[in-house]
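Participant: let's see this in three dimensions:
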Amino acid sequence: ALVTQASSRDATKRLVKRSEDVSAVSTSAAAPEKPAKEIDTGRYDDTKRMNVMAKQLKLNRKGGRHIFLCADPTLPKCCSAETGLNSWLYLKDRVKRRHRPQELVVPEGQGQALPKCCSADTGLKSWLHLKDRVKALGLDQNAETPIWRSKTNCLRVCAKGPIAVVYPEQVYYHSCSPEVIERIIQEHLIGGKVVEEYQIVGGE
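Facilitator: Residues are numbered from 1 along each chain as shown. You can find the predicted model right below:
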């Protein structure tokens, strides 16, 4: 197997169960005792870093393709955590290097376990708000014009999170707190108008 050091036990430790008290989620979720890399939480609110990364990624360039892969979810349903992570590492390596990769090794307790653009608790609060509001407003898959929502571990803009992207317009948003998510739902997803105050403007 490509992922040689990930085990079912390690994957289980990363699972976060949804709770009505969202603030309790981050404390109940087990985290690696000794992460291989410390995350500087000061960069969560680093606007300069966000702008630099957006420019490097050329977020405003039209015509590109964006693949979303269901891998390393909160609660694995479509496949095991190891299978999903294995596919993610292969995809990530192939897109970057464009040749057959060597064997990939994931350090114990790694994967997508370390948050980068915002804390895990902050991201989860925004996700639950988006998920619940889309359903409450009758905009889910049963609507005439449905809004699909998917939770992803990384959109590659590692600052000013939570980060969101809306397709097909390919509009990226920063600082997506539940309040900002609500504005995106009402003004963009329903009203069709970009919330420019929180839009990330990347390079062409």
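
Participant: would you map the helices across the protein?
Facilitator: Counting by DSSP state H, the chain has helices at residues 8-13, 25-28, 47-57, 81-97, 120-136, 178-183.

Participant: and of those helices, who's closest to residue 170?
Facilitator: Closest approach to residue 170 among the helices of the chain is made by helix 47-57 (11.6 Å; C-beta to C-beta). Using the backbone N, CA and C atoms, a C-beta is placed for each residue, glycine as well.

Participant: where does residue 164 land on pLDDT?
Facilitator: What the model reports as pLDDT for residue 164 is 94.

Participant: ok, back up a step: export the helices of the chain as a markdown table, with columns for mean neighbour count, distance to residue 73 and mean pLDDT.
Facilitator: A markdown table is the format used below for the helices of the chain (neighbours: other C-beta atoms under 10 Å; distance: least, C-beta to C-beta, whole Å; pLDDT from 0 to 100):
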| stretch | mean neighbour count | distance to residue 73 | mean pLDDT |
| --- | --- | --- | --- |
| helix 8-13 | 15 | 11 | 44 |
| helix 25-28 | 14 | 14 | 42 |
| helix 47-57 | 16 | 23 | 88 |
| helix 81-97 | 16 | 7 | 85 |
| helix 120-136 | 18 | 11 | 93 |
| helix 178-183 | 17 | 19 | 96 |
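
Participant: out of those, the one nearest residue 69 is which?
Facilitator: Once those are compared by C-beta to C-beta, helix 81-97 is nearest, at 5.7 Å.

Participant: now for the closest one, which elements pack on it?
Facilitator: helix 8-13 (3 or more C-beta pairs under 8 Å, 6 or more residues apart in numbering; DSSP states H and E).

Participant: thought residue 139 was touching residue 146?
Facilitator: Yes - using C-beta atoms under 8 Å, residue 139 is in contact with residue 146, at 6.6 Å.

Participant: okay, residue 48 and residue 172: tell me how far apart.
Facilitator: 16 Å (C-beta to C-beta, to the nearest Å).

Participant: likewise residue 198?
Facilitator: For residue 198 relative to residue 172 (C-beta to C-beta), the value is 9 Å.

Participant: out of the helices of the chain, which gets nearest to residue 192?
Facilitator: helix 178-183 (13.4 Å).

Participant: which residues touch the closest one?
Facilitator: Residues from elsewhere that reach helix 178-183, judged by C-beta atoms under 8 Å, 6 or more residues apart in numbering: 125, 126, 129, 130, 133, 164, 173, 195, 198.

Participant: 6 Å instead, please
Facilitator: By C-beta atoms under 6 Å, 6 or more residues apart in numbering, the surrounding residues in contact with helix 178-183 are 125, 126, 129, 130, 195, 198.

Participant: could you dump the residues you listed to a markdown table with distance to residue 82?
Facilitator: Putting the contacts of helix 178-183 into a markdown table (distance: C-beta to C-beta, whole Å) gives the following:
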| residue | distance to residue 82 |
| --- | --- |
| 125 | 28 |
| 126 | 27 |
| 129 | 30 |
| 130 | 28 |
| 195 | 38 |
| 198 | 36 |
